[in-house]
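**Student:** Would you be able to build a 3D model of this:
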Amino acid sequence: VIQARQSATYSQTAAQQNYSQSINDLFGHGTHISSIIASSGVATTGNYQGVAPGGNLVSVRVLDSTGAGRYFDVIAGIGWVVKEKSRYNIRVINLSLGAPPQSPYWDDPLDQAVMAAWGAGIVVVAAAGNRGPQPMTINAPGNVPYVITVGAVTDAYHPMQPLQYQLASFSSAGPTYEGFVKPEIVGMGGHILAYAPNNGTLASEFPQWVGPYDDFTMSGTSQATAVVSGVVALMLQVNPSLTPDQVKCRLMSGAHPAVTSKGTLAYTVFQQGAGLVNAHDAVYGTATNCANQGLNVASDLAGTQHFGGRANRDSNGNYYIMSDQQTTTCSSGGGLLGSLIGGLVCVVKDVLSIVPLLLDGLFWNGSYTSGSGYTWSSGYTWSSGYTWSNGYTWSSGYTWSSGYTWSSGQTGTGTDITAQQ
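**Tutor:** Residues are numbered from 1 along each chain as shown. A predicted model of the protein is given here:
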């Protein structure tokens, strides 16, 4: 069994046509995620099976027995959490689900619900998505700049050998269409063994991954997201006064990026963010004011101000991080990710300015190289700090490029959200 404390349950799907009235997880994915986050079961090694075995769970069902669902249900589920957060002391929302973005983050109703939760003091941890390794594949609601978006790392079936850890090829990469660096962090998401009901849809469709004790092996950014949510719970158990922005800051500052034998970054920030989550360094970190600088969730929700990130793309299709001077120039002209978005195209023309970007993982040609594993170093120092995660005010005169069309089919009622397994 999961053996975690469950404070409450809520099923948004219960009243919907063609959905089961039960709160039970008929698919198996949600149980698997919950087990990773908070199981207090003890393995044969004597270690707890969950990341935060002392945490309490509030189960909110928003997906059906196939792992799919509707925007409306997910939004309503998040709304219920915000409404009941004080009653059940809800501090973290794990969103191991997603869908390709259909609009700017500030216009997307699911993204708005997530921002409202963040503004209410709830830490939101969202899956980057499993559409990698190509750039600009971050799912909603992981495309929301405020939240903690998680990519996945895997190994060679030797979990105690960190030198074999590498970025999972399926892990979605940034930047977002608004120019934000995503994911913020990566977690273990390859062939994760955790509890799942043996009568669920997943177990029925993939019996080869069912273990002898109602456990199940699954890979995805969903599982990596659960790991990070568990770490966030540990952080709040030790320091319950932390705000969502402070949690995000300490998670990122405590992460260990992958580096090569030469000490350079093995992956760019668009692929690994700040690096692999480290529970000890996140829980006992003291960093402040290093996340969501320049953003304002209240203004975003009110519609009085929206924000763009520092990422851009040059005429050769390379992604890079703009300097303060470049973001000022771009924001005044409304240009960001030039070939995709209308307005002024900001391009780094000075070769010397590219060099520090390359060295600090801030320049990417969009390629993915499968390696045999890298060192995830706690000794790496970002020469520019975490300024690549900051935002700036989006130009009010901004026009979307005719070269990229957001889907007009987004109504919030279709089956457009899936579990990220």
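**Student:** Poorly predicted segments of the stretch 151-300 of the chain, please.
**Tutor:** 156, 158-164 (pLDDT under 70).
**Student:** Identify the residue nearest I75 in space, chain neighbours excluded?
**Tutor:** A113 (4.5 Å; Cβ to Cβ, 6 or more residues apart in numbering). Backbone N, C-alpha and C define where each C-beta goes, glycine included.
**Student:** hang on, that neighbour in a helix?
**Tutor:** Yes. Looking at A113 with DSSP: H, G, I helix; E, B strand; the rest coil, it is inside a helix.
**Student:** number of nearby residues for it?
**Tutor:** 22 (other Cβ atoms under 10 Å).
**Student:** Just the pLDDT for I33.
**Tutor:** pLDDT recorded at I33 is 87.
**Student:** hmm, who's touching stretch 106-118?
**Tutor:** 71, 74-75, 78-79, 81-82, 93, 95, 99, 101-102, 105, 124, 126, 140-141, 143-144, 146-147, 244, 297, 300-301, 303, 306, 410, 412, 417 (Cβ atoms under 8 Å, 6 or more residues apart in numbering).
**Student:** where do the strands sit along the stretch 201-350 of the chain?
**Tutor:** 215-218, 258-259, 307-309, 311-313, 319-321 (DSSP state E, counting those that start in this stretch).
**Student:** Among the contacts of stretch 106-118, which ones are in strands?
**Tutor:** I93, L95, V124, A126, I417 (DSSP state E).
**Student:** Give me the ChimeraX select line for these, limited to the buried ones.
**Tutor:** Applied in ChimeraX, the following selects the buried portion of the ones in strands among the contacts of stretch 106-118 according to 16 or more other Cβ atoms under 10 Å:
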select :93,95,124,126,417
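**Student:** which among the ones in strands among the contacts of stretch 106-118 gets closest to A194?
**Tutor:** Using Cβ to Cβ, L95 comes nearest to A194 of the ones in strands among the contacts of stretch 106-118, at 17.4 Å.
**Student:** Please dump the strands of the stretch 201-350 of the chain into TSV; it should also carry mean neighbour count and distance to A233 for every row.
**Tutor:** Converted to TSV, the strands of the stretch 201-350 of the chain look like this (neighbours: other Cβ atoms under 10 Å; distance: least, Cβ to Cβ, whole Å):
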stretch	mean neighbour count	distance to A233
strand 215-218	21	20
strand 258-259	22	25
strand 307-309	27	28
strand 311-313	26	30
strand 319-321	27	31
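**Student:** can you redo these as TSV with distance to Q272?
**Tutor:** Output for the strands of the stretch 201-350 of the chain, formatted as TSV (distance: least, Cβ to Cβ, whole Å):
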stretch	distance to Q272
strand 215-218	21
strand 258-259	6
strand 307-309	17
strand 311-313	15
strand 319-321	14
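**Student:** Among those strands, which comes closest to W209?
**Tutor:** Ranking the strands of the stretch 201-350 of the chain by proximity to W209 (Cβ to Cβ) places strand 215-218 first, at 4.5 Å.
**Student:** other SSEs contacting the closest one?
**Tutor:** Secondary-structure packing of strand 215-218 (3 or more Cβ pairs under 8 Å, 6 or more residues apart in numbering; DSSP states H and E): helix 29-38, strand 192-195, helix 201-205.
**Student:** For these, give me CSV that also has mean neighbour count.
**Tutor:** As requested, the helices and strands packed on strand 215-218 are exported to CSV (neighbours: other Cβ atoms under 10 Å):
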stretch, mean neighbour count
helix 29-38, 27
strand 192-195, 23
helix 201-205, 17
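**Student:** out of the ones you listed, which comes closest to L251?
**Tutor:** Closest among the helices and strands packed on strand 215-218, using Cβ to Cβ: helix 29-38, at 15.1 Å.
**Student:** Sheet partners, orientation included, of the helix or strand just after the closest one?
**Tutor:** Downstream of helix 29-38, the first helix or strand assigned by DSSP states H and E is strand 56-61. Strand 56-61 has its sheet partners listed here by DSSP bridges as strand 5-11 (parallel).
**Student:** Need the helices and strands packed on strand 215-218 in CSV (columns: distance to Q223).
**Tutor:** Listed next are these as CSV, based on distance: least, Cβ to Cβ, whole Å:
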stretch, distance to Q223
helix 29-38, 6
strand 192-195, 4
helix 201-205, 13
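**Student:** between these, which gets nearest to E178?
**Tutor:** Of the helices and strands packed on strand 215-218, the one closest to E178 (Cβ to Cβ) turns out to be helix 29-38, at 27.4 Å.
**Student:** what's the distance between A194 and I93?
**Tutor:** Distance, A194 to I93, by Cβ to Cβ, to the nearest Å: 19 Å.
**Student:** again, but for S35
**Tutor:** The value you get for S35 to I93, if Cβ to Cβ is used, is 17 Å.
**Student:** what does F180 give?
**Tutor:** In terms of Cβ to Cβ, F180 sits 19 Å off from I93.
**Student:** quick one: C249 and Q293 touch, right?
**Tutor:** No. The criterion here is Cβ atoms under 8 Å, and C249 misses it with Q293 at 9.2 Å.
**Student:** which of these two has more neighbours?
**Tutor:** C249 (23 against 15).
**Student:** Would you mind listing the residues in contact with that one?
**Tutor:** Counting by Cβ under 8 Å, 6+ apart, C249 has contacts A287, T288, N289, C290, A291, Y386.
**Student:** Most widely separated two among these?
**Tutor:** Most distant of these, by Cβ to Cβ, are T288 and Y386, 11.6 Å apart.
**Student:** which one of the two has more residues nearby?
**Tutor:** Y386 (21 against 11).
**Student:** For D107, the count of nearby residues, please.
**Tutor:** 14.
**Student:** quick one: pLDDT of it?
**Tutor:** 92.
**Student:** Quick check: the gap between it and T268.
**Tutor:** 28 Å.
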